[in-house]
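Peer 1: build me a model from this:
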Amino acid sequence: MTYVRIIVPPTTPAPRTRDLAGEITRTIVDFEQLHSSVTRAEVQQATRLVMQATAGQGHELAAIAGVLGLLAAAALGA
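Peer 2: Here you go, the predicted structure:
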């Protein structure tokens, strides 16, 4: 049997998604400035808690979760 790998190109986030991502990034950066000892694991756990708390609000949050994870990683790396 032959398997063909299908690569789906990423979609461009909607303007509201980018706005939300910007707000989340600013919140994480501000929190890190106030609490310099916060760890990457703590930020990741906090983002998971947010996603669990808002899980019943629609499929859009699944897409936002990916953006949120990337933003958290980028904010901590910067």
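Peer 1: what packs against the helix or strand containing Arg26?
Peer 2: Assessed by DSSP states H and E, Arg26 sits inside helix 15-34. Judged by 3 or more C-beta pairs under 8 Å, 6 or more residues apart in numbering; DSSP states H and E, helix 15-34 is in contact with helix 60-77. Glycine gets a C-beta too; all of them are placed from N, C-alpha and C.
Peer 1: list the buried ones in the helix holding Arg26?
Peer 2: Using 16 or more other C-beta atoms under 10 Å as the burial criterion, the residues of helix 15-34 that qualify are 20-21, 24-25, 28.
Peer 1: pick the one among the residues you listed closest to Ile6.
Peer 2: Closest approach between these and Ile6, by C-beta to C-beta: Ala21, at 27.0 Å.
Peer 1: quick check: that closest one touching Pro13?
Peer 2: Yes: counting by C-beta atoms under 8 Å, Ala21 does reach Pro13; the two are 7.1 Å apart.
Peer 1: picking up where we left off before, closest to Val43 out of the buried residues of helix 15-34?
Peer 2: Closest to Val43 out of those is Ile28 (6.2 Å), distances taken as C-beta to C-beta.
Peer 1: so that closest one makes contact with Val43?
Peer 2: Yes: under the criterion of C-beta under 8 Å, Ile28 makes contact with Val43 at 6.2 Å.
Peer 1: where does the chain have low pLDDT?
Peer 2: Counting by pLDDT under 70, the ranges of the chain that qualify are 56-78.
Peer 1: can you tell me the SS state at Thr11?
Peer 2: coil (DSSP: H, G, I helix; E, B strand; the rest coil).
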